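Asks: need coordinates for the following:
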Amino acid sequence: MPFKSLKLWGLLTILLTVLLIISAEAVAQNAESSKQPAPKEKEEKPPPGLAELVHMASRLDERFNSLERKIETVFDLNAAKKSYDTNTEKFEKLTERVQAQKAKENPSYQDLAELKAAIRERDKTNKDQIDKIRDAISNVENWRAEWLDEYQKWTHWENTLLKKVSISSVELTFKKAQKIISDALNLIRKNLEPLLLGQQKVEDFRYRIYKLNAEVDKEILILRGDVMRKKTPIMFSSRFFLNLRRAIYLELPRQFRLSLPDKEFFVEES
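Replies: Reported below is the predicted structural model:
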């Protein structure tokens with residue numbers, strides 16, 4: 001028993017020694033890491049020289065003139081409104097036709113198929129409009145980010161330089177630059193707001209098209225379900241030939257017809 005006790009005490013002593021060594025190494029590593037210098041914050045670039053500053057201010061004038069030209073051609077709001085009004089007018093007519101089909105006791109599958117194709121055409125036109133206006137908004141947002149960056153740079157330079165240099169011409173340079181930047185941001189905001197409103201309208205219109213298309217799909221499913229539920233007469237029975245005769249002389253002429261596009265289709269797709 002004493003030998004076993006001594007052996008146990010020996011193991012405990014060894015274990016305690018190992019734990020103390022590990023703890024000491026951990027403390028040393030923490031102390032070493034605390035001595036390491038903290039990462040330096042990103043240093044801001046010093047403002048340009050006075051001569052370069054004047055040159056950069058004159059370049060802002062050129063950039064503003066370029067912005068005016070680009071923003072005039074980024075998106076034709078008048079043409080977009082005209083296209084939207086035409087598309088919604090045609091859509092309202094399609095809505096009336098869908099409601100008329102739903103009111104029928106036996107709606108025509110051919111009419112429903114034509115309505116579905118016409119709705120798909122309205123959806124395509126609207127999606128094209130959505131893509132165009134989103135591209136325009138993306139361009140304007142990029143220009144806005146560029147001019148906001150200019151505003152931050154020139155504000156920082158002004159706060160830094162005017163503390164060191166008290167020259168009236170330098171103050172005038174900063175006033176000129178800040179006015180150009182302010183005019184550019186106002187021009188961008190004035191053009192961005194109607195674009196965002198226009199995007200909201202075409203996105204809402206897409207949902208209306210989706211709902212109308214779902215109504216037509218529902219009518220087609222009901223029509224197909226009724227056909228499947230009807231009992232098919234035995235082939236070569238009197239009822240079979242009666243249904244066949246009715247289909248050939250009554251239903252076929254009514255269902256089978258060639259639908260030509262109207263003149264507006266050729267105008268749009270010319």
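
Asks: after whichever strand or helix holds L162, which helix or strand is next?
Replies: L162 is part of helix 109-164, with elements assigned from DSSP states H and E. Next helix or strand after helix 109-164 toward the C-terminus (DSSP H and E): helix 168-229.

Asks: report the angle between that following helix and helix 109-164.
Replies: 160 degrees (axes from the mean of the first three to the mean of the last three Cα atoms, to 10 degrees).

Asks: which neighbouring elements make contact with helix 168-229?
Replies: helix 50-73, helix 77-103, helix 109-164 (3 or more Cβ pairs under 8 Å, 6 or more residues apart in numbering; DSSP states H and E). For the C-beta atoms, the positions are set from N, CA and C on the backbone; glycine is no exception.

Asks: make CSV out of those helices and add distance to E215, mean neighbour count and mean pLDDT.
Replies: Below are the helices and strands packed on helix 168-229 laid out as CSV (distance: least, Cβ to Cβ, whole Å; neighbours: other Cβ atoms under 10 Å; pLDDT from 0 to 100):
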stretch, distance to E215, mean neighbour count, mean pLDDT
helix 50-73, 40, 13, 92
helix 77-103, 6, 14, 94
helix 109-164, 9, 16, 94
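
Asks: okay, those in JSON lines with distance to K211 next?
Replies: Listed next are those as JSON lines, based on distance: least, Cβ to Cβ, whole Å:
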{"stretch": "helix 50-73", "distance to K211": "35"}
{"stretch": "helix 77-103", "distance to K211": "10"}
{"stretch": "helix 109-164", "distance to K211": "10"}
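
Asks: still on that earlier bit, so what secondary structure elements neighbour the helix holding L162?
Replies: In terms of contacts (3+ Cβ pairs under 8 Å, 6+ apart), helix 109-164 is packed against helix 50-73, helix 77-103, helix 168-229.

Asks: okay, these in CSV with distance to R120 next?
Replies: CSV is the format used below for the helices and strands packed on helix 109-164 (distance: least, Cβ to Cβ, whole Å):
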stretch, distance to R120
helix 50-73, 31
helix 77-103, 11
helix 168-229, 7
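
Asks: looking at those helices, which is nearest to W154?
Replies: Shortest distance between W154 and these, using Cβ to Cβ, is found for helix 168-229: 5.1 Å.

Asks: same question for the closest one, mean pLDDT?
Replies: Throughout helix 168-229, pLDDT has a mean value of 90.

Asks: got the angle for it vs helix 50-73?
Replies: 30 degrees.

Asks: now helix 168-229 against helix 77-103, angle please.
Replies: 20 degrees.

Asks: flag every buried residue along stretch 172-191.
Replies: By 16 or more other Cβ atoms under 10 Å, the buried positions in stretch 172-191 come out as T173, F174, A177, Q178, I180, I181, A184, L185, L187, I188, N191.

Asks: how close does the last one sit to F75?
Replies: Right, the one you point to is N191. From N191 over to F75 the distance is 8 Å, taken as Cβ to Cβ, to the nearest Å.

Asks: what number of residues are in the vicinity of the closest residue to L50 other than its chain neighbours?
Replies: Using Cβ to Cβ, 6 or more residues apart in numbering and skipping the chain neighbours, the partner closest in space to L50 is V170 (6.3 Å). For V170, the count of nearby residues is 17 (other Cβ atoms under 10 Å).

Asks: wait, V170 sits on L161?
Replies: Yes: contact status for V170 versus L161: in contact at 6.6 Å, counting by Cβ atoms under 8 Å.

Asks: so what sits against both of these two?
Replies: Residues touching both V170 and L161 by Cβ atoms under 8 Å, 6 or more residues apart in numbering: L53.

Asks: domains in the chain, as residue ranges please.
Replies: Annotated domains of the chain cover 50-230, 231-270 [automatic domain parsing].

Asks: hmm, back to that, between the buried residues of stretch 172-191, which sits nearest T86?
Replies: T86 has its nearest neighbour among those in N191, at 23.5 Å by Cβ to Cβ.
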